[in-house]
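Undergrad: With the sequence up front, the predicted model follows.
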Amino acid sequence: MAGYLESIIRNQHCKTNTYINGLLEKARNEYGVDSSEFKGIYNQYFKIPSKKSALKNRRYYEAEVTGKDIPKGLERLYRRSVAIDLLSACACECVYCARGYFNRFALSNTEIQEVAKYCANDKFLQEVLITGGDPMIAPSKLKLLITELASKAPNIKIIRIGTRLPVQDPEMFDPSLFTFFESMKKRFIIEVALQANH
Amino acid sequence: MYQLKQFEFHVSDISTLLNMDFTGQDIVVNKVSRIGQEIDHSIILCNPDQMDYLKKINTECLVFCCKKTVVNKKNLSYIISPDPEILFFRFINDFLVNETDYWYEGIISVNSTKYPDVVFGYNVIIGKNVVIAPGTKIGNNSVIGNNVVIRSNVEIGNSCIIKDNSVIGSSGFGFIRTDDGLMQIPQIGFIKIGNDVIIGSCCSIEKPTMGHTIINDNVKIDDLVQVGQNQEIGKNTIITTGFKGETGAKIGSDTFIGMGVTIISGEIEIGNRCIIGAGTVVLKSVPDGKIVYSKQMNEIKGDSGEKIKEVFYNFKKTW
């Protein structure tokens, strides 16, 4: 087992930022330790999983199609759509996140260009899901990927982005990203899935 | 032009974004500071000669440094690299800087009603008061500053930055003496600018009579530079302020041109990997890998007080 989950079990220390710490403090002061408001935040970010259950509940699986021809960071399960793991970093690290099982990575600029090239060569592809990690945490990489897809892959029509950033760390959410998405609205249908708790 | 945006990163996230390992605790950082003035939870760049400062730090910080510089302290986390400076600046550039400032007119993708017949790429950022001629091509992710004028027959690549008040494609300065006086030579050529090029403020890139003025990929040009007709500048070349070149002069790749260099003839070629010192007047071609500089600090004999009057007098005479 590699990745984040191993490190929190080993160090008995969870990764949280000041915003989440503040939320926990607020819930503790306003509702008390036994309240569901407090437990909701505590169980998501602060509860350290036991080693046994963490090892048992490995429900993830590798996509079979990650073969020779598919570039790094790309996962192909369906004919019409593809998932791109841009990077493994996220604004917040939930203790049960499946990402914790994997090694850390981030696509380099040349790898992003390769991903765009792959998408352009497949006629059946129409839809791209950009995920990670949280792609919004690195706007420069996200902008590069989307502009590359826009100019090189005319077959791609829908872009879906999964993010937690506006909920987990609202101040980090960059307003210039909004103007960027606005400028791309004629080219793509952009769907942003805001994941508050999952 | 740029400002730091608000951020809060774990050290492990930074190491992920840069594809580098880190040592020490996985602390949270939210500022960038200069060494010697470090604040709690900040990112610091440390050069080998600044090691003493590291020993004094008592707060939690992330340090970018090379292997020799590491000091074993619990409060410090490290990202170790042989080129910490490059890594540090790359991280700030890519992830911490807000490229769109308040003065920008907006982002343009593909086409705009304000600039009809201009072929834009995606995510092109345009400043205020910009004039762009029809038929111009501008690539993805390029930034065009305020008051920039782009005239006809210009092609700009991806991820270029053109700073305020520059003129791209003004017609070249060429005249022929005829019986009637001076006749303008028609300037109907093209300008081609590659990818990742930076052109400073108040520069002029001139359109040639025929053929192309070419600026290749990754060339960085400082403020107040004039790139003349039919010149070709090779990849990764740096041109600092005040450069002027005669029509048709060629500069190779990976070359450094110092301040105020002048090339006096169009037949001159400067090779690859050259360094041309500040103020040099280039009289003949320079082969690859040479360092060239002008004779400087010519001393005039005699007392300066007397000479200043003399120089002033001579200056007036010539004027």
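TA: That came through, no problem.

Undergrad: Okay, buried residues for stretch A:126-142 please.
TA: Taking 16 or more other C-beta atoms under 10 Å in any protein chain shown as the basis for neighbour counts, the residues of stretch A:126-142 that come out buried are A:127-142. C-betas here are computed from N, CA, C, even on glycine.

Undergrad: Figure out how far that stretch is from the centre of its chain.
TA: Distance, stretch centre to chain centre, for stretch A:126-142: 7 Å (C-alpha atoms, centre = their mean, to the nearest Å).

Undergrad: what's the answer for stretch B:217-225, then?
TA: Counting by C-alpha atoms, centre = their mean, stretch B:217-225 comes out at 5 Å from the chain centroid.

Undergrad: now check it, is it near chain A?
TA: No: using C-beta under 8 Å from any C-beta of the partner chain, stretch B:217-225 stays clear of chain A, coming no nearer than 13.2 Å.

Undergrad: okay, how far is it across that stretch, tip to tip?
TA: With C-alpha to C-alpha, to the nearest Å as the measure, stretch B:217-225 spans 18 Å from end to end.

Undergrad: which stretches of the stretch 151-300 of chain B aren't confidently modelled?
TA: In the predicted model of the stretch 151-300 of chain B, residues B:296-300 satisfy pLDDT under 70.

Undergrad: Outline the domain layout of chain B.
TA: When chain B is parsed into structural domains using automatic domain parsing, the resulting residue ranges are B:3-98, B:106-292.

Undergrad: Out of those, which is closest to A:L74?
TA: Proximity of the domains of chain B to A:L74 was assessed by C-beta to C-beta; the nearest stretch is domain B:3-98, lying at 17.3 Å.

Undergrad: Does that closest one reach chain A?
TA: Yes: judged by C-beta under 8 Å from any C-beta, domain B:3-98 comes into contact with chain A through B:5-8, B:10, B:12-13, B:15-19, B:26, B:28, B:30, B:94-95, B:98.

Undergrad: buried sites along stretch B:158-173?
TA: Applying a neighbour-count criterion of 16+ other C-beta under 10 Å, one finds B:158-172 buried in stretch B:158-173.

Undergrad: Please apply the same query to stretch B:36-46.
TA: Applying a neighbour-count criterion of 16+ other C-beta under 10 Å, the buried positions in stretch B:36-46 are B:38, B:41-46.

Undergrad: ok, the most centrally placed residue in chain B to B:Q184 distance?
TA: Central residue of chain B (C-alpha atoms, centre = their mean): B:K220, 3.6 Å from the mean position. Using C-beta to C-beta, to the nearest Å, one obtains 32 Å as the distance from B:K220 to B:Q184.

Undergrad: Take the buried residues of stretch B:36-46 and keep only those in strands.
TA: When DSSP state E defines the strands, the subset of the buried residues of stretch B:36-46 inside them is B:42-45.

Undergrad: can you tell me which of the residues you listed lies nearest to chain A?
TA: Taking C-beta to the nearest C-beta as the measure, chain A sits nearest to B:S42 out of those, at 14.1 Å.

Undergrad: circling back to that earlier point, show me the beta-bridge partners of the residue nearest to the centre of chain B.
TA: Bridge pairing for B:K220 (DSSP bridges) gives the partners B:I198, B:I238.

Undergrad: From what I see, it and B:I239 are in contact.
TA: Yes: the pair B:K220 and B:I239 qualifies as a contact (C-beta atoms under 8 Å) at a distance of 7.3 Å.

Undergrad: who touches the residue of the stretch 201-319 of chain B found nearest chain A in this structure?
TA: When distances are taken as C-beta to the nearest C-beta, the stretch 201-319 of chain B reaches nearest to chain A at B:N218, 13.2 Å away. B:N218 makes contact with B:194-197, B:235-236 under the criterion C-beta atoms under 8 Å, 6 or more residues apart in numbering or on different chains.

Undergrad: Just confirm it is within a helix.
TA: No: according to DSSP: H, G, I helix; E, B strand; the rest coil, the state of B:N218 is coil, so it is not within a helix.

Undergrad: unless I'm mixing things up, B:L4 is touching B:V97, no?
TA: Yes: in this structure, B:L4 is within contact of B:V97 by C-beta under 8 Å, at 6.4 Å.

Undergrad: Who has more neighbours out of the two?
TA: Taking B:L4 and B:V97 together and counting by other C-beta atoms under 10 Å in any protein chain shown, B:V97 has the greater number of neighbours (14 against 11).

Undergrad: After the worst-scoring helix or strand of chain A on mean pLDDT, which helix or strand is next?
TA: Counting by mean pLDDT, DSSP states H and E, chain A has its least confident helix or strand at helix A:51-56, which shows a mean of 64. The C-terminal neighbour of helix A:51-56 among helices and strands, as given by DSSP states H and E, is strand A:74-75.

Undergrad: to the chain's geometric centre, what's the distance from the helix or strand following that next one?
TA: Using DSSP H and E, the helix or strand that follows strand A:74-75 towards the C-terminus is strand A:81-87. The offset between the C-alpha centroid of strand A:81-87 and the centroid of the whole chain comes to 9 Å, using C-alpha atoms, centre = their mean.

Undergrad: Remind me what strand A:81-87 packs against, helices and strands.
TA: strand A:74-75, helix A:109-121, strand A:127-132, helix A:139-152 (3 or more C-beta pairs under 8 Å, 6 or more residues apart in numbering or on different chains; DSSP states H and E).

Undergrad: wait, which of those is closest to chain B?
TA: Set against chain B and scored by C-beta to the nearest C-beta, the helices and strands packed on strand A:81-87 come closest in helix A:139-152, at 4.2 Å.

Undergrad: Buried among the residues of domain B:3-98 next to chain A? Make that a ChimeraX selection.
TA: Here is the ChimeraX command that picks out the buried ones among these, judged by 16+ other C-beta under 10 Å:
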select /B:5,7,8,10,12,13,15,16,17,18,26,28,30,94,95
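
Undergrad: Out of the residues of domain B:3-98 next to chain A, name the ones that lie in helices.
TA: B:12-13, B:15-18 (DSSP state H).

Undergrad: Can you pick out the most distant pair from the contacts of B:N218?
TA: B:N195 and B:N236 (11.7 Å).
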